[in-house]
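>>> I would like the atomic coordinates for the input below:
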Amino acid sequence: MPLFAHVDLTGATGQLGVGMSQGLVCWNCGASIADLSLPLSRFDECRGCRAPLHACRLCEFYQTTVAKQCREPIAEEVKDKERANFCDYFKPRLGAHTPRNQQELDDARAALDAFFGLQR
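Numbering: from 1, shown residues only. So this is what the prediction gives:
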């Protein structure tokens with residue numbers, strides 16, 4: 001059984017994944033955060049840009065095309081997706097960095113899809 005139920009970092013052995021954090025990068029600047037221990041604390045920051053890491057933008061459930069921008073149906077809504085929060089469902093996502101212009105395109109596409117009632 002994992003040490004923390006809300007952050008499943010276990011492999012087939014049931015132990016914390018040793019290499020899990022190696023693919024993690026800051027959601028804001030893309031710098032590696034592999035040297036940080038998991039689970040991430042609410043107070044952890046990127047050493048490159050000082051962005052908070054326990055934030056929706058780094059979470060596996062963050063998605064701009066769904067309601068409240070969160071795929072976890074019972075999580076409480078977090079208004080500012082770039083600030084540190086106390087969400088119990090937070091799970092770090094590999095490859096969370098999206099260049100700003102790509103994020104703007106995705107947001108615009110999601111707004112148009114919502115306006116026209118399209119599902120992706």
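
>>> Who is the residue nearest the centre of the chain paired with across the strands?
Centroid-nearest residue in the chain, with C-alpha atoms, centre = their mean: Cys59, separated by 1.6 Å. Note on Cys59: beta-bridge partners by DSSP bridges are Pro92.

>>> so how far is Asp44 from it?
According to C-beta to C-beta, to the nearest Å, Cys59 and Asp44 sit 13 Å apart. In this view, the C-beta of every residue, glycine as well, is placed from N, C-alpha and C.

>>> likewise Lys91?
Here Lys91 is placed at a distance of 14 Å from Asp44 (C-beta to C-beta).

>>> where exactly do the helices run in the protein?
Assigned helices in the chain, in chain order: 100-116 (criterion: DSSP state H).

>>> give me the low-pLDDT residue ranges for it?
1-22, 119-120 (pLDDT under 70).

>>> And the strands in it, which stretches?
Ranges of strands within the chain: none, based on DSSP state E.

>>> coming back round to it: was I right about the residue nearest to the centre of the chain contacting Asp88?
No. Using C-beta atoms under 8 Å, Cys59 is not in contact with Asp88, being 11.4 Å away.

>>> chain center to stretch 28-41: distance?
Relative to the centre of its chain, stretch 28-41 is centred 11 Å away, using C-alpha atoms, centre = their mean, to the nearest Å.
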